[in-house]
Each structure stands twice: as C-alpha cells, then as structure tokens.
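Chemist: need a structure here:
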Amino acid sequence: MKKSALILRLLLSILCLLHIGLYSAFSVDFIQLEREFAGKGTTEGRFGKDIHLAFDNQNIYVSDTENRLIQKLSTTGEFLFQIPEAPESSDNILRKPGHLAVDSVGNIYVADVTVHHIAETADPKVYIFVPCVYKFSATGELLNTYFVDPVEVYPKVVLPASLIIDENGKTAFAIQPKGYDRALRVALNAHNELYVLDAERGHIHKFGADGEKLSAFGRYGAGDGEFDMDAADIAIDARGNVLIADTGNHRIVRFDSEGKFLGNFGRKGRGDSEFTKPMAIATLPTGEILVKDASRFRRKIGGLPEIIALSPTLTQLTEITPGQAELADTIANATRSEYGPFVQSPAAAANTAALNRRVRLLEEAEYNRYYADEADDEGKAELAEELKRTDIRLTLFHNIISRIQKFDSNGRYVGRIIYETDQLSEEKHDQTFLDLDNSGHLYLRDASDFTIAQYSVTGFTVKPSHMNGFYTTRAAILDNNYLEDYEDIDFSTDVQDELSQLELKNMFGWTYSLSERWHLTFLDELTYGEQDERYVTPAKVEDSYDFETQALENAFAANLKFITNPNPYRYKELNLSIGRVDGTSDLTQDALFPDLNKQHRVDTGDASSTVVELNWDIWSRANLWLRYADLNPAETSRNFVRRFYDVSGDLYEVFGSRNEARQFIGELTIKF
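Modeler: Take a look at the predicted model:
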C-alpha cells in the first residue's frame, strides 16, 4: 500500500506541473487530405514552377509566372478558363504574373511588370519598365492598370536607357530603374478597394474601387508602423484592418483601413504566438487570423551504425529522447548486478544527455549543408546523393512538422494547425507550403511533379498518419561441442560437453506526435532464451548431467516529451518516463543416468522492476532530475528459489534468494 501511494503522489505532482503545458498541447488541429489536382505542364489545369493562388467562394485562381497566364479552376481543381486564351501570342500583356486577388464580383487583380510609354515623349518615344497591378474582368477583359511608381514624369536627369523597337516598329528608348521588377502583394477589402504591398520600398498603396489612388502609408524599419523589405504577405481582416506579415521582424503589423498604425503581435521564436519568418496570412469570416511561418520541428530516429542497424537495442533506439535512453538502459539492466543503477554517475549521465540534445539541434543545419545547396558540378551532386542515401538507409523515420498558428481578431493566440511531411517518402518528402484560403483550407505543393494537395482542418484526433512504428526480430542459435583429454599418457575423451543456446528477441517501437512540441514514445522488448547442456564424463558416468533452462523477459518503456522552449539558445524540455521489466526463469539440472544417480536441482526465478523518472530543464542552464525505482531484485538477475535433491531423489535442501530496493534520487544541476 505504501509503495502504491508513493507512486500515486509522484504522478499527481507531475501532472500538476504539466497541466498548463497539456492544455496548450491539445489546442491543436490536424489536417485531412481532400483532393489532389494540377501538375507540371503548360496545358489546361497544369502549371510551371512559380505560381500563386487566390480564392473566392466558388473558384481557385492560379497565376503562372513561367507560362505567363492566369487560370481559373473550380474548388475541386477542374479547369474553367484562362487569361489570355493564347499565352504564346504577341498580344499577351502578362510578363511575370505574380501575387493575385479576386474581388466580390469576380474581377481579378494580378501583380506584374509592364513597360509604360511616358506621355510627354514622342520623337523618340521613351518607355519605362515599372511594377504594376492589372485588373481583369471575370471574363478576362483588361479593365485597369495600377502603378505604385510615378510613370508620367519626364526624366529630368541623364539616365541610361536601352535602344528598343516599339509596337509600331519605330526606334525608341526604354528605362529600367532599379527594382522595376520587384514583387508586389495585393489584397482587397469588402468594398473592393485595392491594397498593394510594396515591401521593398516600405509602402502600402490604397486604391479605390474606381482605380483612383487614395493613399499610401507604412515605411521601412522595425519600429511602430514599419516593416522590413522582405515582408511576405498582406491580408484584410473582417473589420477592414490591414495585416502585414513582417517576415524580417518576425511579427504581424496591423493598420486600420486608412493606414493608422494599430499595433503588432508576435515576436521571434518557435513558441505559441511566436514566429520564425511569417510568410502567409489568411483571414477567416469568423474573424480568426491564420499565420504560417517558416518554423520546422524535426522528428528523427536513426543514424545507427550499419553494424547494429539490424539489431537495435533500447538505448540505441531512444537516442533522440534524453532521459529515456538512460531509463531504457536502467530498466533493461536493473536486475543485472554488473549494470546496477549507480554504476554511471548521474551527473555524467545528465551532462551527456544535455550535450546530445544540443547536438541534435544542429541536425537540420547539417542536413541543409549536405543536401540543400545546389551542386556546382557532377561530383558534388553525386556526393550529396550518396550522403542522402546513407542517411535514409540508417534512419527509421524522419518527419518534419510544420504549423499554422491561429489568432483572434485582436491578435491573441488561440491555437494552431500542424501537419507532417515524411522525409523518407519518395512521393511526399518534397511537399512544400503553397497557400491558405479564407475557409481555412491548406494547400501544399509537390516540388517535383507540381501537383497541388488541398487539405481541410480537423480537430485533435488520433490519426494513423501521425504515427510511426517499427518492429525488429532477432534469432540467435549457437551450438558448441567440446572434447577434452586430461593430462595423461593416452588420448581419450575424459569430458564431452555439448552446449546449445537459443535466443529470440522481438522489439516494437511506436511514436506519436501529439503536436509539434509534444511527443509520445513506447518501446517494448521481449526476449526468450533457452540453453541445453549435456556434460558427459565417460570415466565416471554417474557424474554426468543434463542442464536445461528457459528464460522470458519483457522490458517496456514509455516517454512523454514536451519541448518547453524550442529556441536553440534557450532550449528546454521536459521528459516523463515510465519503465517496467518483468522476467521469469526455470532451470533444471538432472543426472544423465538416473539408475546410478538421482541427484537433481530445480530453480525458479522471477523479476519485476518499475522505474518512474522526471527530467526537466527548469531553465536553459538548470536541470532537475527525479527518479523513483522499485527494483525487484536489486542486485541479481532473478529472485530464485532453489531445490536440491540427493542421489536417492529426496529433497534435502531449499535455498531462497530474494532482494529488492526502493530508491528515490533527486538531482539539480546548474551551469554557470
């Protein structure tokens, strides 16, 4: 009763510590595949490499930079029509169509680059290349062109220009100012007023529904009402406020509809309401705001040397789980005296685990160094492929978890959506984020075949797609025959010892990503062993005997990990681990010739040990380690009861060996 009460109190204390984190863990949604469409090509419903999406209630619009066109698709991805009908025609005004938006009546706005004739010039004509936004009707008719740079101003200084032939076949000059082909982002409010984000110049331009320039606001910087030159997206919320994904400053900047600064939300980091380079914003009719950033959370088990890849052990397979590796080693060896719980210094174990944690944080950078850089020559490409093949061969599973955070209309964090990409899947490993629509759908794109996958958002559920498992089995059969001749003048067999051994080992591992920061792991190793020995002494056959033993042992470990701070420089995590070992053994030793000698021995043994462990980085430089262990036995492989029978077969001695230990260990490590 006392032991059960102690374990219960310990678990309740840990659950109290985890309460806040557990609440955060389950304010999470997963995604579900709805359909796949599109693909690589130039025909209807297919696209080039660089595309952008826009949405209305019934359609999907795709701008295709490489093929110089805009396609309209149904919500299921079926082709409806395109602008222009003949993209290869000389009349196609689209040069580099980019970001686009659609208003309430179906008009299409697309950012592009154009060459504009400066009206005051005639002989020769002077043209200027400028970024622009084209407005097309729902049927593809050009309605208007919006400029964010002055285009009707006659040059007052000497400028370099290129000699060109204009549309009438006459000689003319063209000016290409710096940044003429910079990217613009567009968004529309409920009144069909157009907002254009010109991040490189630090401005947001507002145009009326009739095309009139109304205002410009914003500026470059990191202060209030400012954003960086790599600001990646613009969106209008349900109240008409303007939201900017300020990528370089890792935040969302908010203005009202007239350009008055309202505030920022978010800061640099990978926690809740923190961003690592926000790249996309979507606003929902409910008022919620979705933000996709570049943060990626790695789940990888592998990197085993080839010599042991086919026969992994508990310790080796839990290398990504600090604390659990030590736990697995402890519970697997708790009943073996040569691997007792105090053999390794707890401080040394904690330092090793901390070092391994930090080293693992560099995996992604190392991975990118090998594989993400473009190969300059064939030799580098072959080396990168070989390294990648080796890495995949030695990896059990490798997933990348990405997230989309949800905020209310005031910028308060309310939850997130997470999704995984399997880096070992030939078909799915290169899926990349594409866009979000105003219904909350997520769109991912395959970087190799250019197919688009549409996902809906579901609540928190246990989904097979988030599970990873492995199973390994090992059989070892050993047969040995020993013949010995003792020191005499003849050569004859004095002892013949025949020994056969069998070991069957099965291991099952299972992991589940509860979220990008919560991770659950189970490991179970079942081992069966038997040994049969015939020891024959021809010179004195009554001393010959037959020895048989069977043993069964099951080691189980469960670990719940929570990354309390994913920042590599302030990294903290919490691990709660539970382990259990149960084993039984039966041994018999009988005389080979019972008519001469009925002496024999019978042993029965058992083991049952439990370990509960908490490993918590209270601060980035302070670690608390708690362990409760009920080791039974504590110093031997089994608690045995041995019965000895004499040459007449009568029981003459019983020997019992039972030892157990209960341990509580607490350790606080602080680094200066």
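Chemist: check contacts around Leu290.
Modeler: Residues near Leu290 by C-beta atoms under 8 Å, 6 or more residues apart in numbering: Ile281, Ala282, Thr283, Leu284, Ile404, Gln405, Lys406, Phe407, Ile417, Leu436, Gly440. C-betas here are computed from N, CA, C, even on glycine.
Chemist: pretty sure Lys170 contacts His117?
Modeler: No - in this structure Lys170 lies outside contact range of His117 using C-beta atoms under 8 Å: 11.7 Å.
Chemist: which of the contacts of Leu290 has the most neighbours?
Modeler: Neighbour tally across the contacts of Leu290 (other C-beta atoms under 10 Å): the maximum, 25 neighbours, falls on Leu436.
Chemist: ok, that residue to Phe55 distance?
Modeler: For Leu436, the distance to Phe55 (C-beta to C-beta, to the nearest Å) stands at 9 Å.
Chemist: Quick check: which element contains Val383?
Modeler: Not quite, residue 383 is Leu, not Val. helix 378-393 (DSSP states H and E).
Chemist: So for Lys170 and His117, which residue has more residues nearby?
Modeler: Set side by side, Lys170 and His117 show more neighbours around His117, with 17 against 11, by other C-beta under 10 Å.
Chemist: surely that one meets Tyr127?
Modeler: Yes - His117 is within contact range of Tyr127, at 5.4 Å (criterion: C-beta under 8 Å).
Chemist: care to break this protein down by domain?
Modeler: Following automatic domain parsing, the chain resolves into domains at 38-265, 463-670.
Chemist: Could you list the low-confidence segments of the stretch 151-300 of the chain?
Modeler: Residues of the stretch 151-300 of the chain meeting the criterion pLDDT under 70: 154-156.
Chemist: pLDDT weak spots in the chain?
Modeler: Low-confidence segments of the chain (pLDDT under 70): 1-26, 154-156, 302-380, 387-388, 390-394, 463, 465, 487-489.
Chemist: Now do the helices in it.
Modeler: Assigned by DSSP state H, the helices in the chain fall at 2-25, 306-309, 314-317, 324-333, 346-360, 363-371, 378-393.
Chemist: Give me the common contacts of His117 and Tyr127.
Modeler: Shared contacts of His117 and Tyr127 (C-beta under 8 Å, 6+ apart): Asp166.
Chemist: Pick out the most distant pair among the contacts of Leu290.
Modeler: By the measure C-beta to C-beta, Thr283 and Ile417 form the most distant pair in the contacts of Leu290, at 14.9 Å.
Chemist: measure the residue nearest to Asn481 when sequence neighbours are not counted to Lys572 for me?
Modeler: Distances taken as C-beta to C-beta, 6 or more residues apart in numbering put Glu498 closest to Asn481, at 5.3 Å, once the chain neighbours are dropped. Distance, Glu498 to Lys572, using C-beta to C-beta: 58 Å.
Chemist: Which one's more surrounded, these two?
Modeler: Comparing Glu498 with Lys572 by other C-beta under 10 Å, the one with more neighbours is Lys572, at 19 against 15.
Chemist: That one pairs with what?
Modeler: Asn565 (DSSP bridges).
Chemist: closest one to Arg299 among the domains of the chain?
Modeler: Short answer: domain 463-670, nearest of these by C-beta to C-beta, at 6.1 Å.
Chemist: Distance from the chain centre to that closest one, please.
Modeler: Distance of domain 463-670 from its chain centroid, counting by C-alpha atoms, centre = their mean, to the nearest Å, is 35 Å.
Chemist: do stretch 145-163 as well
Modeler: 48 Å.
Chemist: Can we start the residue count at 41 from this point?
Modeler: Yes, from this point I'll number from 41; that puts the last item at stretch 185-203.
Chemist: Give me the buried positions along that stretch.
Modeler: Using 16 or more other C-beta atoms under 10 Å as the test for burial, stretch 185-203 gives Thr185, Tyr186, Phe187, Val188, Asp189, Val191, Ala201.
Chemist: can you pull the contacts of the residue nearest to Leu109 when sequence neighbours are not counted?
Modeler: Leaving aside its sequence neighbours, Leu109 sits nearest to Pro127 (C-beta to C-beta, 6+ apart; 4.3 Å). Pro127 makes contact with Thr82, Asn107, Arg108, Leu109, Leu134, according to C-beta under 8 Å, 6+ apart.
Chemist: wait, which of the residues you listed is closest to Tyr575?
Modeler: Thr82 (81.4 Å).
Chemist: Could you find the closest non-adjacent residue to that closest one?
Modeler: Excluding the flanking residues, the one nearest Thr82 by C-beta to C-beta, 6+ apart is Asn107, at 5.2 Å.
Chemist: my guess is that neighbour meets Phe87, correct?
Modeler: Yes - contact criterion C-beta under 8 Å: Asn107 and Phe87 qualify, at 6.8 Å.
Chemist: Name all residues that make contact with Tyr243.
Modeler: No, residue 243 isn't Tyr; it's His. Val188, Ala256, Phe257, Gly258, Arg259.
Chemist: circling back: give me the beta-bridge partners of the residue nearest to Asn521?
Modeler: What pairs with Glu538, by the bridge criterion (DSSP bridges), is Asn521, Arg574.
Chemist: between the domains of the chain, which one is nearest to Asp470?
Modeler: domain 78-305 (12.5 Å).
Chemist: quick one: the closest one to chain centroid distance?
Modeler: 34 Å.
Chemist: State the distance spanning the first to the last residue of it.
Modeler: End-to-end distance for domain 78-305: 36 Å, by C-alpha to C-alpha, to the nearest Å.
Chemist: now do stretch 526-538
Modeler: 17 Å.
Chemist: For that stretch, which outside residues touch it?
Modeler: 520-525, 573-579.
Chemist: If we use 7 Å, what do you get?
Modeler: Contact with stretch 526-538 is made by Asn521, Tyr522, Leu523, Glu524, Asp525, Glu573, Arg574, Tyr575, Val576, Thr577, Pro578, Ala579, as judged by C-beta atoms under 7 Å, 6 or more residues apart in numbering.
Chemist: got it, and stretch 541-557?
Modeler: Stretch 541-557 is contacted from outside by 65, 68, 337, 339, 352, 357, 441, 443, 458, 460, 506-518, 559-571, 602-603, 606, using C-beta under 7 Å, 6+ apart.
Chemist: rewinding a little: and the residue nearest to Asn521, how far from Ser625?
Modeler: The gap separating Glu538 from Ser625 is 21 Å, by C-beta to C-beta.
Chemist: tally of neighbours for Val652?
Modeler: 21.
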